[in-house]
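Engineer: Predicted model and sequence below, questions to follow.
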Amino acid sequence: MPRSEPTPLTLLRRAHEAQVLDLLRRLGALSRAELARRTGLSRTALSSITTSLITRALVVTVPAPAEGPRGRGRPVGLLRLDPATGRCAGVDLGRVRVRAVVANAAHETIATASRPCPPHASWQHRTELALELLDELLGGAAQGLEGIGVGVVGPVTGAAERDLGVARRFGEQYGVPVLVDNNTRLAALAETVHGAGAGSRHVVYVRLSHGVGGGVVVDGRLLRGAGGTAGEIGHITVEPTGPRCQCGGHGCLELYASLPAVAAAGGPENDAAVARAGRLTGRMLAGLCAAVNPELLIVGGELARCGARLLTPLRTELRARTLSAARAGVRVVGERLGDEAGALGGMVLVRQETPALYGAPTGDAVALSMADRNAASADGCCTGPVASGSC
């Protein structure tokens, strides 16, 4: 008998199921109440959909983390994707260390590894080192791997030979979609979804390390900018009469709040040097608060380990220079994920920007860097890596 076409009601139900699966894929375990809030579905409709997904072994229930004593009533449970449905990998080609992380569909880390790398090593050397690490974590088999997110140091404009070469090399090795982005921006994304910013939607992240970088997340999505340089906050001027920076500007934040700058001013043990870094970082963040209006500011990197010696002058400067409307409700916190944030952010990026594979036809995957995503978007095609033939 000829196969009947699905009814409009069936198509609507499939769309709602896909919406629920996509949220769980991108954000990890969620309560039914949170799913209802994000989808706009009624309790009855959502219950029917989640029951079907559980029956088909796509979704499982898990207990919610204990947060103090519970009252009477039914215990709150969370829904998440079945861990066996797919894996994702994140890689950070850092300045002095290469990291690789593999997680399952439930956003649980399966394996992680890192290896030191010479500061002046080529991107080709870093890439091969990361491929060795990933092979170890995957056991040499890419079965069930949905995609790989790779973080690199410096601006990712999309047209650079490095960015295209990294994406191409990982794609050739594993035959899955590959996304390449700045590793500090990826750390911002990871902290927003799984770290100090979990539950927030508008976040600014600043990393005070060997250099100063950051990332801006707006409505849960990473902001890249027209040319891929969004987040280069280390080169925002905070002292107009300050010394010349290697970028060509004067008085950039990186000249005062990076590890080398603090070391030159007396080191992390010197309260005055740390306070100056905090004060000028607060000055920069005040401008971003006026422009972006975040609900959360996350401070990370090695210098953030100075704690209150850094954050107290930062908060003081922020309050003094920020519009009251932009300042209302904004919080300043330290990072939570540490050195693994860049690699974890690579996995979050894959979850957000590649299509879910549940029930999708199989095919040869292609590796896309940011340039490919921009070109696809301009052509009216997909905005992320896709299986061949799906555009």
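Structural biologist: That came through, no problem.

Engineer: what's the first-to-last distance across stretch 33-53?
Structural biologist: 17 Å (C-alpha to C-alpha, to the nearest Å).

Engineer: Which positions in that stretch come out as buried?
Structural biologist: Neighbour-count burial for stretch 33-53 flags 35-36, 39, 41, 46, 49-50, 53 (criterion: 16 or more other C-beta atoms under 10 Å). For the C-beta atoms, the positions are set from N, CA and C on the backbone; glycine is no exception.

Engineer: Sitting in helices, which of these do you find?
Structural biologist: Using DSSP state H, the members of the buried residues of stretch 33-53 that fall within helices are 35-36, 39, 46, 49-50, 53.

Engineer: The helix ranked longest in the chain: how far from the chain's middle?
Structural biologist: Criterion DSSP H: the longest helix present in the chain is helix 271-292. Its chain's C-alpha centre and that of helix 271-292 lie 23 Å apart, by C-alpha atoms, centre = their mean, to the nearest Å.

Engineer: and this protein, what are its domains?
Structural biologist: 8-81, 85-185+341-378, 196-336 (automatic domain parsing).

Engineer: For the shortest one, give the mean pLDDT please.
Structural biologist: Confidence over domain 8-81 (mean pLDDT, whole number) is 82.

Engineer: how far does it sit from the chain's center?
Structural biologist: 23 Å.

Engineer: The last one too?
Structural biologist: Counting by C-alpha atoms, centre = their mean, domain 196-336 is centred 18 Å from the centre of its parent chain.

Engineer: still on that earlier bit, same for the longest helix of the chain, what does it pack against?
Structural biologist: strand 203-208, strand 212-218, helix 254-257, helix 259-264, strand 296-300, helix 308-321, helix 324-327 (3 or more C-beta pairs under 8 Å, 6 or more residues apart in numbering; DSSP states H and E).

Engineer: Tell me the buried residues in the longest one?
Structural biologist: Same thing as helix 308-321. Across helix 308-321, burial judged by 16+ other C-beta under 10 Å covers 309-311, 313-315, 317-318, 321.

Engineer: will you turn the residues you listed into TSV that also has distance to Gly94?
Structural biologist: Shown next, in TSV, are the buried residues of helix 308-321 (distance: C-beta to C-beta, whole Å):
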residue	distance to Gly94
Arg309	26
Leu310	22
Leu311	24
Pro313	28
Leu314	25
Arg315	29
Glu317	29
Leu318	29
Arg321	32
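
Engineer: out of these, who's nearest Gly214?
Structural biologist: Distances from Gly214 to the buried residues of helix 308-321, taken as C-beta to C-beta, are shortest for Leu314 (13.5 Å).

Engineer: who's in contact with Glu132?
Structural biologist: Taking C-beta atoms under 8 Å, 6 or more residues apart in numbering, we find Glu132 in contact with Arg115.

Engineer: how about it, secondary structure?
Structural biologist: Judged by DSSP: H, G, I helix; E, B strand; the rest coil, the three-state class of Glu132 is helix.

Engineer: so how far is Gly195 from it?
Structural biologist: 27 Å (C-beta to C-beta, to the nearest Å).

Engineer: and what of Arg14?
Structural biologist: 33 Å.
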